[in-house]
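In: Turn this into a model:
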Amino acid sequence: MFTTSADSVFQLAAHEEIIPLDKLYEICETARRLLDGEHKVGRVIARPFLGEPGNFYRTENRHDYACRRRAPICCPRSKTKTSTWSASARSLHLRFAGVTEDLTAKNNQQSIDQTIHALEQDTRGLIFSNLVDFDMLYGHRRDTEG
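Out: Numbering: from 1, shown residues only. Next up, the predicted model:
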């Protein structure tokens, strides 16, 4: 299944037991290359899920394929030899120029762990952390209590 949205996103959803993750990611990489050019799509998203009809649920294996920006969004001009931008968010390194280390995380706990890891390093700079569960598990489902 594929969907699009108003914010320049093309999503491919697949059941992990029917289409293995490596195949879904390969399909998304191909889609990323095809969805380029004059009407470029900003992100191609692999949305794997599991479960049975009527009880499907997303897994933590989502992967974003964002297009690289031509111009920096962040402040790379202030970057010095000792500065490092670290990220514990999906495809953040593609959206912000100057990110030198991408610390992958699939859920809030992993993001917190990666943030602590980045803070323990002997570097200077910015750390971006995305606590993705708040968005994926609650925000998109309009679960304000959650």
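In: Confirm Y57 sits in a strand?
Out: Yes: judged by DSSP: H, G, I helix; E, B strand; the rest coil, Y57 forms part of a strand.
In: So it is in contact with P48, correct?
Out: No: distance between Y57 and P48: 10.4 Å, which falls outside the contact criterion (C-beta atoms under 8 Å). No exception for glycine: its C-beta is placed from N, CA and C like everyone else's.
In: Among those two, which residue is more densely surrounded?
Out: Neighbour count, other C-beta atoms under 10 Å: between Y57 and P48, P48 has more, with 21 against 7.
In: hang on, that one packs against L24?
Out: Yes: using C-beta under 8 Å, P48 makes contact with L24 at a distance of 5.9 Å.
In: What are the contacting residues of stretch 34-50?
Out: 4, 7-17, 21, 24-25, 27-28, 31-32, 56-59, 61-67, 91 (C-beta atoms under 8 Å, 6 or more residues apart in numbering).
In: Could you check the lengthiest helix in the chain and say which residues are buried?
Out: Determined from DSSP state H, the single longest helix within the chain is helix 21-34. Residues of helix 21-34 classed as buried by neighbour count (16 or more other C-beta atoms under 10 Å): 24-25, 27-28, 31-32.
In: where in this protein is pLDDT low?
Out: For the chain, the stretches with pLDDT under 70 are 1-7, 68-100, 140-141, 146.
In: Helices along that one, start to end?
Out: Along the chain, the stretches classed as helices by DSSP H are 21-34, 92-95, 108-119, 132-133.
In: Including distance to R43, could those helices go into CSV?
Out: What follows is those, written out as CSV (distance: least, C-beta to C-beta, whole Å):
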stretch, distance to R43
helix 21-34, 9
helix 92-95, 9
helix 108-119, 19
helix 132-133, 14
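In: Of all these, which one is nearest G125?
Out: helix 108-119 (9.1 Å; C-beta to C-beta).
In: how's this structure carved up into domains?
Out: Residue ranges for the domains of the chain, per automatic domain parsing: 2-66, 76-139.
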